[in-house]
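Participant: just a sequence and a predicted model for now, questions to come.
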Amino acid sequence: FFIRSHNMALSTVGSIVLLLSLGLCVLSQRVSRDEMNPEIYCEKRSTEEFFRKKIPDGASERLIREQCGTFYRCIPDAGARKAISKSVCQAGMFFDVDLQICQVRRKVANCAEFEKFKKPQPRWPLTDGEQSGCSGTDIQCGSGECLAKAVFCDDQIDCADGSDENVCTPINDPNGAVRCDPKSCLLAEGCFCSVDGTIIPGGLNPDQTPQMILVTFNGAVNARNFGIFDQIFGSTAKNKGNECTAKATFFVSHAFTNYSAVQELHRRGHEIGVNSITNGNGDPFYWGDITGEEYVAEFDGARIIIEEFANITSQDILGMRVPNGRVGGNKQFQMMNEWGFLYDSSLAAPKSRLPIWPYTLQYRMPHKCIGTDQKCPSQPFPVWEMPFNELDRRDDVKFDEELTGCQYVDSCSNIIDEQQFERFLDNNLARHYGSNRAPLGLHFTAAYFETNPNFLGTFQKWVEKTSADGNYFFVTMQQAISWILNPTELAGIGNFEDWKTNCDVQGLPRCSLPNACPSRVPRIFPNEESMYLYTCSECPNTYPWLYDPYGQGDLDGVSALRK
């Protein structure tokens, strides 16, 4: 299967993180009150929102562009007041006030806008002592009318100004999930939570807890990177304690994927999840704007394609990751519940004193919702979240000043050589192992070691060395959930059956020479003369795509999703 290949577009880093963590701006500096009055700029403004200095009416285009790379935020000041901090994008970049990031200049068209557009808000939540303008439990819309609490955040616009759907955060949703109740959330019933997300399942002590390491890749799997994965997870990288080879989880995106390679990864015991069909078409707002039905088409459609062309049963494909970490709020998680997805792995947890354990969403998520306009789930759902614990990218964790964390290894842009990369891995493993032993996630885009080939040998040796220690276990996402539901002490981990499935797979691939199925699809891929689908199954009529996952050439909508 690795003989044939097709070019793939290199994946972009799969998350939008804080500006400083991407190195897109210089250090901030405080602005004098004479220059910008915080009482004017900071009234009712979040400390997480960035904005520009107001530009006088009639300002020239030159002045507007000169100031387009400078942005500000409100920060706490002495005496419970606010101050204003100023930052500047790197040379050649402007600040996009809508996306809240620095971008190359040609991509920014809102230099004249002072602040991000704000959607209308209902009169909710009420502040201490504030009286509602409505009777009973009704809530007042931003447009003035009073509506029943139950219609807020139900994915249907009821207020005249739509404000009933603009307050749907985990903290503010009037019908949102409540904080964790450990007495009611029972492992035996498939529920796991703790108030702050840091408690070890089963009440185990850290020294009784096996340290799980969750290596994941998201993007297209092809002949080139399959060889890289084969090198990392070779037969010599075995978890001492059960002698099973190190495992990883692959969230597969559709375009340019070689499904015979996906089939072989699964045969070897790695987990396959879905990363969508279209990858969002490059639209940063796509995942927040699409409907629940479109989520079905993207993710269950991707699961059908893997089932059909990689010969993996849908019961084995239970995890999903939204591209760029831009989740779709309650509609996404409702879709997951209805269509049999076990877990999502898209949300990031900020770096804090203790890392976060995976949790179920019957209760409110235990950490801050990270990301500009991020639509975190606010209501209860019986699905798991496998969060990204932000990684510590400091070279010396004892003496270096604090830096913002990074979610993907790709976005830890300050790592420049092999020795630094190995220290980074060791430091983050020590942080988890030396505290509450929450699973350490090392998340990569599929192209990471293609664009950083000098780190490949270092990572391969690190996986082999770490797995041989006896305290650390490279497992899949589903294996981690199995352990959480059945906490097993380190001393007995060799007999934990859920980690011994496909323990040390030998033998040849089920398919050594896949079918190379060409299709001309200029409507979808205008720059590709032909798209090739590599599969051990029969070739489809055309290249599978959204609403046509079987590749029948029939784009008649949802009817094509399930035969």
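Facilitator: That came through, no problem.

Participant: so where's this protein shaky on pLDDT?
Facilitator: 1-28, 554-563 (pLDDT under 70).

Participant: ok, which stretches of it are helices?
Facilitator: For the chain, the helices defined by DSSP state H occupy 38-41, 61-66, 223-232, 259-267, 286-289, 292-295, 301-309, 329-338, 418-433, 448-451, 456-467, 477-485.

Participant: tilt between the longest one and helix 456-467?
Facilitator: Yep, that's helix 418-433 we're talking about. Calculated by axes from the mean of the first three to the mean of the last three CA atoms, to 10 degrees, helix 418-433 forms an angle of 30 degrees with helix 456-467.

Participant: out of the helices of the chain, which comes closest to Ser135?
Facilitator: Closest to Ser135 of these is helix 329-338 (CB to CB; 27.0 Å). From N, CA and C alone the C-beta is placed, and that goes for glycine too.

Participant: other residues contacting the closest one?
Facilitator: Contact with helix 329-338 is made by 153, 155, 168, 287-288, 291-292, 295-296, 299, 320, 322, 341, 344, 361, 375-379, 381-383, as judged by CB atoms under 8 Å, 6 or more residues apart in numbering.

Participant: type out the ChimeraX command that picks the buried ones from the residues you listed.
Facilitator: Buried subset of these, written as a ChimeraX selection, criterion 16 or more other CB atoms under 10 Å:
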select :153,168,287,288,292,295,296,299,320,322,341,344,361,375,376,377,378,379,381,383
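
Participant: which of the contacts of helix 329-338 fall in strands?
Facilitator: Among the contacts of helix 329-338, the members found in strands (DSSP state E) are Met320, Asp344, Leu361, Phe381, Pro382, Val383.

Participant: reformat these as a markdown table; add distance to Gly470.
Facilitator: Converted to a markdown table, the ones in strands among the contacts of helix 329-338 look like this (distance: CB to CB, whole Å):
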| residue | distance to Gly470 |
| --- | --- |
| Met320 | 33 |
| Asp344 | 31 |
| Leu361 | 34 |
| Phe381 | 37 |
| Pro382 | 35 |
| Val383 | 33 |
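
Participant: farthest-apart pair in the residues you listed, please.
Facilitator: So, the ones in strands among the contacts of helix 329-338 by CB to CB: farthest apart are Met320 and Pro382, at 15.3 Å.

Participant: closest one to Ala78 among the helices of the chain?
Facilitator: So among those, helix 38-41 is nearest, using CB to CB, at 12.0 Å.

Participant: for that closest one, packing partners?
Facilitator: strand 70-77, strand 81-88 (3 or more CB pairs under 8 Å, 6 or more residues apart in numbering; DSSP states H and E).

Participant: please redo it, this time with the cut-off set to 7 Å
Facilitator: strand 81-88 (3 or more CB pairs under 7 Å, 6 or more residues apart in numbering; DSSP states H and E).

Participant: tell me the helices and strands packed up against the strand it packs on.
Facilitator: Going by 3+ CB pairs under 7 Å, 6+ apart, strand 81-88 lies up against strand 29-31, helix 38-41, strand 70-77.

Participant: ok, residues contacting that strand?
Facilitator: By CB atoms under 7 Å, 6 or more residues apart in numbering, the residues outside strand 81-88 that reach it are 25-26, 28-31, 36, 38, 41-42, 69-77.

Participant: quick one, that strand and strand 70-77 angle?
Facilitator: Using the same axes, to 10 degrees: strand 81-88 against strand 70-77 is 150 degrees.

Participant: tell me which residues touch the most centrally placed residue in the chain, please.
Facilitator: In the chain, the centroid-proximal residue (CA atoms, centre = their mean) is Ser346; its distance is 2.4 Å. Ser346 is in contact with Arg321, Val322, Gly325, Val327, counting by CB under 7 Å, 6+ apart.

Participant: can you put the residues you listed in a markdown table and add distance to Lys398?
Facilitator: Output for these, formatted as a markdown table (distance: CB to CB, whole Å):
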| residue | distance to Lys398 |
| --- | --- |
| Arg321 | 33 |
| Val322 | 36 |
| Gly325 | 30 |
| Val327 | 35 |
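
Participant: mind checking how far Gly329 is from Arg364?
Facilitator: 14 Å (CB to CB, to the nearest Å).

Participant: and Lys53, by the same measure?
Facilitator: 37 Å.

Participant: now Pro56
Facilitator: Distance from Pro56 to Arg364, by CB to CB: 45 Å.

Participant: those two - which one has more neighbours?
Facilitator: Each of Pro56 and Arg364 has its neighbours counted (other CB atoms under 10 Å); Arg364 has more, 22 against 6.

Participant: pretty sure that one sits against Cys185.
Facilitator: No. Assessed by CB atoms under 7 Å, Arg364 is found out of contact with Cys185, at 11.3 Å.

Participant: coming back round to it: to Trp357, which of the helices of the chain lies closest?
Facilitator: That would be helix 477-485 among these, by CB to CB, at 7.3 Å.

Participant: how close does Lys465 sit to Thr236?
Facilitator: 11 Å.

Participant: I misspoke; the intended subject was Asn495.
Facilitator: Counting by CB to CB - Asn495 and Thr236 are separated by 23 Å.

Participant: repeat that for Ser194.
Facilitator: 37 Å.

Participant: what about stretch 388-401, distance to the chain center?
Facilitator: Stretch 388-401 sits 20 Å away from the centroid of its parent chain (CA atoms, centre = their mean, to the nearest Å).

Participant: picking that back up, among the contacts of Ser346, who's most crowded?
Facilitator: Counting neighbours by other CB under 10 Å, Arg321 leads the contacts of Ser346 with 28 neighbours.
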